[in-house]
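# Show me the folded form of this:
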Amino acid sequence: MNRRIHFMTGVAIFLSVFLFSHAVNGQANTKIVTGAEQLDKLLPLLQNKSVALLVNNTSVIGQTHLVDTLQKLKANIKKIFSPEHGFRGKVEAGETIDNEIDAATGISVVSLYGNKKKPTPEHLADVDVVIFDIQDVGTRFFTYISSMHYLMEACAENKKKVIVLDRPNPNGHYIDGPVLNMSLKSFVGMHPIPIVHGLTVGELARMINGEGWLAGGITCDLEVVAMKNYDHQKKYSLLIKPSPNLPNDHAIALYPSTCLFEGTVMSLGRGTKNPFELLGNPLLKNQPFQFKPESIEGMAKNPPHENKICYGVDLRNEKPTNYISLKYLILFYNLYPDKDKFFIPYFNTLAGNTQLKEQIKKGMSEEDIRATWKKDLNEYKKKRKKYLLYN
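Next comes the predicted model:
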């Protein structure tokens, strides 16, 4: 009873201050209001509930982490689930995340990146509801959406509710790329969607449920706290890096195209301050730009071509396209001296099909390659409409 009284008192005080500040600043009618910022909708869903959260460093309300806010409001937080890059977002791509106790809050943190990517029944035994609140970048191979999938699946199997607090998709203004062939399903591609899927995490969660993509076609008890004042054409600048190697809005805009180079012998700037904005290789010495990847703690330990001069292009002034650009992929394949070694097996996993690599090898033009995506993209767009929360 005391916990309930403290919780409701804290809610009332916090909401009065929060809503008043929004009204005074005149933000309510213009500013995008994320799901996490709508505590008037979230907090009643948590009353008398045991709560877990799948969150990271992007899970903020203004300058305050969602966990800190809910803890101050006396929400009954049992644990935090941690995705790739860790709860505080300081771990580089692919590095295993361990369980820990968060020093700032004293809450147990359970890793969902490593050997176990899906919560176990034991993890959920003392939980009534799980909140998902992570900033995504709108690409199929960004692993936060895969963690969301496994969370939904585990909660469906264990009859727990999932609340998705929606956030903008910085690449949500277009849809492009090959639709995943499910024979290549992996943690960087779990759903039959294109590379750029044009959905927020809330909309994608609705699609995962609605299309029966969870194991055995089960559905999750899902509630999405939708944003206010958002539409898919509205530009949104991310104030917090969504991962250690996406340092700015420009890199995020290039990411759908440049990430494909992870499946080649090229460096895409890991080991520099501008990953996904630089492309190069030590063998391309006729190229005008050069950089040297070095180990950077928290960003890139032992990056590809570490301590070697890479020759290539600087994309920091490149205007991002509203489609997946294959220009540089085709260019550097043609320039690379040993073409049989240009692609590595991971390329097909990222592309989501086996055709793209072969199309480039055969010398097909970008326009002709893109034409082969059209039929699947049109079918996907029709399916997508059923799950949209925003224009």
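
# can you confirm Ile77 is in a strand?
Yes: assignment of Ile77 by DSSP: H, G, I helix; E, B strand; the rest coil places it within a strand.

# partners of it in the sheet?
Ile77 forms beta bridges with Val51, as assigned by DSSP bridges.

# Can you report how many residues lie near it?
19 (other CB atoms under 10 Å). (Each C-beta comes from the backbone N, C-alpha and C, glycine too.)

# Let me see the contact set for it.
Val51, Ala52, Leu53, Val67, Leu70, Gln71, Thr105, Ile107 (CB atoms under 8 Å, 6 or more residues apart in numbering).

# Can you add neighbour count and give those residues back as CSV?
Below are these laid out as CSV (neighbours: other CB atoms under 10 Å):
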residue, neighbour count
Val51, 20
Ala52, 25
Leu53, 28
Val67, 23
Leu70, 24
Gln71, 17
Thr105, 16
Ile107, 17
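
# Cross those against strands and list the overlap.
Val51, Ala52, Leu53 (DSSP state E).

# for the last one, what are its contacts?
By CB under 8 Å, 6+ apart, Leu53 lies in contact with Ser59, Leu66, Val67, Leu70, Ile77, Lys79, Ile80, Phe81, Val130, Ile131, Phe132, Asp133.

# what's the pLDDT at it?
Turning to Leu53, the model gives it a pLDDT of 98.

# cool, and Ser146?
Per-residue confidence at Ser146 stands at 97 (pLDDT).

# Over to the one 10 residues further on?
Reported pLDDT at Ala156 in the predicted model: 98.

# Name the next helix or strand downstream of the helix or strand where it lies, please.
Element membership for Ala156, per DSSP states H and E: helix 144-157. Tracing the chain C-terminally past helix 144-157 and defining elements by DSSP H and E, one meets strand 161-165 next.

# Show me what the helix or strand following that following strand is packed against.
Where DSSP H and E defines the elements, the next helix or strand beyond strand 161-165 is strand 176-179. Where contact means 3 or more CB pairs under 8 Å, 6 or more residues apart in numbering; DSSP states H and E, strand 176-179 is packed against strand 194-196, helix 374-385.

# what's the closest of the ones you listed to Leu246?
Leu246 lies closest to strand 194-196 among the helices and strands packed on strand 176-179, at 14.9 Å (CB to CB).

# Show me what that closest one packs onto, helices and strands only.
strand 176-179, helix 374-385.

# could I get the shortest one in PDB with only the CA atoms?
What that stands for is strand 176-179. C-alpha atoms of strand 176-179 as PDB (Å, rounded to 0.1, in the frame of the first residue of the first chain):
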ATOM      1  CA  ASP A 176      14.200   0.700 -50.400                       C
ATOM      2  CA  GLY A 177      16.500  -2.300 -50.800                       C
ATOM      3  CA  PRO A 178      16.000  -6.000 -51.400                       C
ATOM      4  CA  VAL A 179      13.400  -7.700 -49.200                       C
END
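
# ok, which stretches of the stretch 201-350 of the chain are helices?
All helices of the stretch 201-350 of the chain, identified by DSSP state H, counting those that start in this stretch, fall at 201-210, 249-258, 327-335, 346-351.

# tell me the contacts of Pro288?
Contacts of Pro288 (CB under 8 Å, 6+ apart): Val313.

# Can you tell me how far it is from Tyr311?
8 Å (CB to CB, to the nearest Å).

# cool, Pro119 as well?
46 Å.

# So for those two, which sits in the more crowded spot?
Remark: of Pro119 and Tyr311, Pro119 carries more neighbours, 25 against 19, as counted by other CB under 10 Å.

# what about that one, which SS state?
Taking three-state DSSP, the label given to Pro119 is coil.

# Just to check, it is in contact with Val110?
Yes: the criterion here is CB atoms under 8 Å, and Pro119 meets it with Val110 at 7.3 Å.

# which residues do these two both contact?
What both Pro119 and Val110 touch, as defined by CB under 8 Å, 6+ apart, is the set Phe81.

# surely Gly177 meets Pro194?
Yes: if you go by CB under 8 Å, Gly177 and Pro194 touch, sitting 4.3 Å apart.

# Those two: which is more packed in?
Gly177 (28 against 24).

# Tell me the spacing between that one and Lys41.
34 Å.

# which element is the residue nearest to the spatial centre of the chain on?
Central residue of the chain (CA atoms, centre = their mean): Asp136, 3.2 Å from the mean position. Here Asp136, judged by DSSP H and E, is contained in no helix and no strand.

# For it, give me its contacts.
Contacts of Asp136 by CB under 8 Å, 6+ apart are Phe142, Tyr144, Ile145, Arg167, Asn169, Thr200, Val201, Pro242.

# For this protein, which residues score under the pLDDT cut-off?
Along the chain, segments meeting pLDDT under 70 span 1-29, 88-98.

# Domain map for it?
Following automatic domain parsing, one gets these domains for the chain: 2-238, 249-353.

# For Tyr387, find the nearest of these.
The nearest among the domains of the chain, by CB to CB, is domain 2-238 at 4.2 Å.

# and the closest one, how far from the chain's centre?
The chain centroid and the centroid of domain 2-238 are separated by 11 Å under CA atoms, centre = their mean, to the nearest Å.
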